[in-house]
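Colleague: Structure for the following, please:
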Amino acid sequence: MVDVKIENVYKYYGSMDGVAAVHDLSMDIKDGEFVAILGPSGCGKSSTMRMISGLEHISAGVIRFGGNVVNELAPKDRDIAMVFENYALYPHKTVFDNVANPLKLAKVGAQEITERVKQATQLLEIDHLLERRPQELSGGQKQRVAIGRAIVRQPQVFLFDEPIAHLDAKLRARMRSELKRLQVDLGVTSLYVTHDQLEALSMADRVAVMHEGVLQQYDTPKVIYEKPANAWVATFVGEPQMSLLECMIRQKGSGVVLDFQGHEIAVSARAGKVLAASKEQAVLAGFRPNHVGIDTRKKAGSIPGTIYARQLLGGEILAEAQVNDTMIRARVSTDFSLQLGDNCSISLSKDDLNVFSADTGVAIY
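Modeller: Down below sits the predicted model:
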């Protein structure tokens, strides 16, 4: 097992005078760690994965496995195993032969091949399918075969490129649990590319959030969710997404408050000190839906609004309240009585506030 270090890596397609697909990326993946690279289409996450695997040339920078530079090593010499979204199984071969294929190419002995295939398929609970061919398997079974083929190689690093993206919701949920358990059991350093924040937050030890080729934040799922580094991460990570309110910082007595369209939003003493010291004036105040309350009765410090939408999310309702041109989202119980167009009162938790610069989007608090 090894750690993986990505140091000031760039990737250009075509002229290096153009915009970098990956711009000055630096990441440190610890030995045995599960790291997710999360971002929308075109953010550079797949280019990063392909550079780590050796399938793409690095325009600038260094990638190290266990302290050794691998920039010029061919994929076969990097001791990695990749699992793709499309499985890439041989349709004419049985499950056994598909899983055993990399070992046969490496000229491993027949007895060892049998033992390693048996171990991998038992771990994945597909050992009863060894004589079947891919067309006789379900989508989840095909994915297990692809993972089994990676496991038997006993690599230093696993690379997963959106491996469960096209499975149905129920199977994705099961595969998330199984992949995480498998990675913990094997203890292999793993990188997992995905556009699905639920996959990243639920499976990874740390998450690298990318946007337009630039690493936005690299931290634990808890920190990224609770304290996003900027306004873009705040609205991309978290479903339903965080509400951002355009506010002005205003002095009140010895402290400060946030002025939102003439309504006063109180902040904690700690937040007040940080905001006062920031010298910012225009800011974006961010609140997660579970830190927002919507009620029929006006309370001290609440903001009047109108119910714009309500969506049933199983055991709760997502309510959206409109204040002029701003939408504020709240998670409420299923007995929530307000309907579209009803007046409401919005309460915001001052202890769960995030504040970003309106100019740069960078987190202030």
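Colleague: Check which element follows the worst-scoring helix or strand of the chain on mean pLDDT along the chain.
Modeller: Ranked by mean pLDDT, DSSP states H and E, the weakest helix or strand in the chain is helix 169-186, scoring a mean of 86. Using DSSP states H and E, the helix or strand that follows helix 169-186 in sequence is strand 189-194.
Colleague: That next one: partners in the sheet, and parallel or antiparallel?
Modeller: Using DSSP bridges, strand 189-194 pairs in its sheet with strand 34-38 (parallel), strand 157-161 (parallel).
Colleague: In the helix or strand just after that strand, which residues are buried?
Modeller: The helix or strand immediately downstream of strand 189-194 is helix 197-203, counting by DSSP H and E. Using 16 or more other C-beta atoms under 10 Å as the test for burial, helix 197-203 gives 197, 199-201, 203. Where you see a C-beta, it was placed from the backbone N, CA and C, and this is true even at glycine.
Colleague: just stretch 54-67 next, same as before
Modeller: Residues 54, 56, 58, 61, 63-65 are the ones in stretch 54-67 that count as buried (16+ other C-beta under 10 Å).
Colleague: Closest to Ser41 out of the residues you listed?
Modeller: Nearest to Ser41 among the buried residues of stretch 54-67: Glu56, at 17.0 Å, using C-beta to C-beta.
Colleague: Now the closest one: closest residue in space that isn't a chain neighbour?
Modeller: Nearest non-adjacent residue to Glu56, counting by C-beta to C-beta, 6 or more residues apart in numbering: Arg50, 3.9 Å away.
Colleague: got a pLDDT number for that neighbour?
Modeller: Looking at Arg50, its pLDDT reads 94.
Colleague: just wondering, since we're on it, how far is it from Met210?
Modeller: Arg50 sits 14 Å away from Met210, going by C-beta to C-beta, to the nearest Å.
Colleague: Which elements pack onto whichever strand or helix holds the residue nearest to Glu56?
Modeller: In the assignment (DSSP H and E), Arg50 maps to helix 45-53. Here helix 45-53 touches strand 4-11, strand 22-29, strand 34-38, strand 80-83, strand 157-161, strand 189-194, going by 3 or more C-beta pairs under 8 Å, 6 or more residues apart in numbering; DSSP states H and E.
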